[in-house]
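Participant: Sequence below, structure please.
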Amino acid sequence: MSDIIKRGKLHTDDWTIVRQAEGEDIASLELPAGRVIVPLPLWLARRDSLLAKAEAGVVGVWLAGDEDPATLADDLLRLQLIAIDFPKFADGRGYSIATLLRTRYGYADELRAIGDVLRDQFFYLSRCGFDALQPKEGKYTRVQLEAALASLNDFSEPYQAAVDRAEPLFRRRPREAA
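Facilitator: As a prediction, the model looks like this:
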């Protein structure tokens, strides 16, 4: 079990991220017991058999940066967890996917950043709609993650509009009469 930041607090997590080994057939991939986050291709291949588990909150789906979130549009009300994988810290496609899921598709349940997620990105990931942040196992100690929680409050008033604040600062501030 790993430690994650979820909705501004540190939690021990019991979800297992399922990854396909090179050359492994996605349709016959063996799922471990317990709560699992499966890759989108596995979800699409075995959707009918996984749907009840997703509704029960024991199966989530993760998207790679090159996968279209529209693929999940019909299943969003059934999925209690969607994760977006960051294979490298410099890959920003996950930010766009998160924003699309929250704004265009109205996804309201847990949205998790997984993979090469760095402390310096936590604030910006939250602004795009992520409410759970899961760095690679062993990347940070629990003490380092506790310290990282403070970084979520580094900026008291962001200027730009984002998923977490729909209006930019100039619209939130009253103007003085001329």
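
Participant: Could you list the low-pLDDT ranges of this protein?
Facilitator: Low-confidence segments of the chain (pLDDT under 70): 1, 157-159, 161, 165-166, 168-170, 175-178.

Participant: what residue is smack in the middle of it?
Facilitator: residue 112 (2.0 Å; Cα atoms, centre = their mean).

Participant: ok, now which ones touch the closest residue to residue 163 other than its chain neighbours?
Facilitator: Once flanking residues are discounted, residue 163 sits nearest to residue 129: 3.9 Å by Cβ to Cβ, 6 or more residues apart in numbering. For glycine as for every other residue, the C-beta is placed from the backbone atoms N, C-alpha and C. Going by Cβ atoms under 8 Å, 6 or more residues apart in numbering, residue 129 touches 98-99, 101-103, 111, 163-164.

Participant: Show the buried residues in the residues you listed.
Facilitator: Among the contacts of residue 129, the ones that count as buried by 16 or more other Cβ atoms under 10 Å are 98-99, 101-102, 111, 163.

Participant: Switch those over to a markdown table; also include secondary structure and distance to residue 22.
Facilitator: Listed next are the buried ones among the contacts of residue 129 as a markdown table, based on DSSP: H, G, I helix; E, B strand; the rest coil; distance: Cβ to Cβ, whole Å:
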| residue | secondary structure | distance to residue 22 |
| --- | --- | --- |
| 98 | helix | 27 |
| 99 | helix | 31 |
| 101 | helix | 28 |
| 102 | helix | 32 |
| 111 | strand | 28 |
| 163 | coil | 34 |
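
Participant: if I pick residue 35, what's in contact with it?
Facilitator: Applying Cβ under 8 Å, 6+ apart to residue 35 gives the contacts 14-16, 57-60.

Participant: And it, how far from residue 151?
Facilitator: Using Cβ to Cβ, to the nearest Å, one obtains 28 Å as the distance from residue 35 to residue 151.

Participant: ok so, going back, name the member of the contacts of residue 35 with the most neighbours.
Facilitator: residue 59 (26 neighbours; other Cβ atoms under 10 Å).

Participant: For it, which non-adjacent residue is spatially closest?
Facilitator: That would be residue 53: by Cβ to Cβ, 6+ apart, it lies 4.1 Å from residue 59.

Participant: quick one: that neighbour from residue 14, how far?
Facilitator: To residue 14, residue 53 is 15 Å away according to Cβ to Cβ.

Participant: Report the beta-bridge partners for the closest residue to residue 32 other than its chain neighbours.
Facilitator: In space, residue 32 comes closest to residue 16 once its chain neighbours are excluded; the distance is 5.3 Å by Cβ to Cβ, 6+ apart. With DSSP bridges as the criterion, residue 16 is bridged to residue 36.
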